[in-house]
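> Return atomic coordinates for the entry below.
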Amino acid sequence: MLMNVTQLFDSVAIEAMVSSDEPAADFADALLDAEVDDNHIRLAVQVKSRAPYPGEISRLEPLRNRLATVGVPLLVAPLISESTGRALTEAQWSWADTQGNADVRTRGIRISRRVPSRPVRKPRRSFPSGSGSWSIIRSLISDGDVGGETELAERAGVSQPRVSQVLSALSAAGLVERHGRSTWTVDRPALLDSLWNNYADTRRFTSWFYSLDPPQQTCERIVATGESLHSDTVISGDVAADRLVPWRVPTHTTVYTGDHRLSAHLDLTPAQGPDDANVELIVPADASVLRVRHEGDPTLAHPTQVFLDLQRLGGTDRPEAAEKIREWLLTR
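Numbers count the residues shown, from 1 in each chain. Modelled structure (predicted):
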């Protein structure tokens, strides 16, 4: 990660290098020396395997104070979302991540940069599509490296030949890399971005309703009704995001079902369309939505679907909520 940080300084014509001195005490992972206008600036680096959650930042103050005794406190992590970056800056941290995002503030230096987390790309012709392929891709994003094609086929609920075809296509697209006979490493961030850029809206049928009840309560009622009718259901959108990474208050209910007749059994007020509704009941054309779910709670959609639905629903703060889900998923 330190290599990414030195490259960040190089990109703005600041010479920086890891100090040959031993890190002060045991609380600095490294010391980084920078030269700006003949002034020597030392940064005390703390490397994290993941970005801190908002509730954790205040607990980092003692560490920041200790680092400040030897240099400018600089927190480095694989991915720091926009909201987490703002919170770190407010807590007087300088920070940088391996994606090229940074906010470094000290004497003679002011670097503030936010690069697009998902650059718009033209769809890859080689990117696999279809329910079977998406089942495999969802499993790859959440589970990471592949220890065997048969094991992946079992997790995704598809055939082993289909796994081989998808892995070959993803390898050609540079999203997975083969090591040995049956071991693959996965570029999880790039694969999630590619899924988002290539995933089609596969809603086969949607029923819209309006409810005065809280979305969480509405979801529970729909799921309970589905269970009583032996109808497959799974929660996505706002409510699923709130259960996975509580950040924004849910305002919308999104539930997928395998049976369109479920809507007739719900005590909900029908709406004319999405503009008048806060509840959507969707029969998906993509079977992977119901097949591949969140491992810890089978009533929730797979996190990749929650991410996709937040992007689809849009609004003022859902894209940032989607970034929270993305960060949570990729740092697990």
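> Am I right that residue 103 is in contact with residue 97?
No - taking contacts as C-beta atoms under 8 Å, residue 103 lies outside contact range of residue 97: 10.2 Å. Heads up, the C-betas are built off the backbone N, CA and C, glycines and all.
> which element follows the helix or strand hosting residue 161 toward the C-terminus?
Using DSSP states H and E, residue 161 sits within helix 160-172. Per DSSP H and E, helix 160-172 leads on to strand 176-179 as the next helix or strand towards the C-terminus.
> other SSEs contacting the following helix or strand past that following strand?
Downstream of strand 176-179, the next assigned helix or strand under DSSP H and E is strand 183-186. Applying 3 or more C-beta pairs under 8 Å, 6 or more residues apart in numbering; DSSP states H and E, we find strand 183-186 packed against strand 176-179.
> Starting from the strand it packs on, tell me which strands it pairs with and how they run.
strand 183-186 (antiparallel) (DSSP bridges).
> Show me which residues of the helix or strand following the strand it pairs with are buried.
Toward the C-terminus, strand 183-186 is succeeded by helix 188-198 as the next helix or strand (DSSP H and E). For helix 188-198, the neighbour count (16 or more other C-beta atoms under 10 Å) marks 188, 189, 191, 192, 193, 194, 195, 196, 198 as buried.
> related to what we said a few turns ago, so for residue 103 and residue 97, which sits in the more crowded spot?
Legend: neighbour count by other C-beta atoms under 10 Å for residue 103 and residue 97, higher for residue 97 (24 against 18).
> so what's the more buried one closest to, chain neighbours aside?
Nearest residue to residue 97, sequence neighbours excluded (C-beta to C-beta, 6 or more residues apart in numbering): residue 80, at 4.3 Å.
> okay, now that neighbour: neighbour count?
27.
> Which pLDDT does the model give it?
Looking at residue 80, its pLDDT stands at 85.
> Backbone dihedrals for it, please?
phi -120, psi 120 (degrees, to the nearest 10).
> Quick one: residues contacting it.
Contact partners of residue 80, counting by C-beta atoms under 8 Å, 6 or more residues apart in numbering, are 51, 88, 95, 96, 97, 101.
> In helices, which of those residues appear?
residue 88 (DSSP state H).
> Which ChimeraX command selects the buried ones in the contacts of residue 80?
Buried subset of those, written as a ChimeraX selection, criterion 16+ other C-beta under 10 Å:
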select :51,88,95,96,97,101
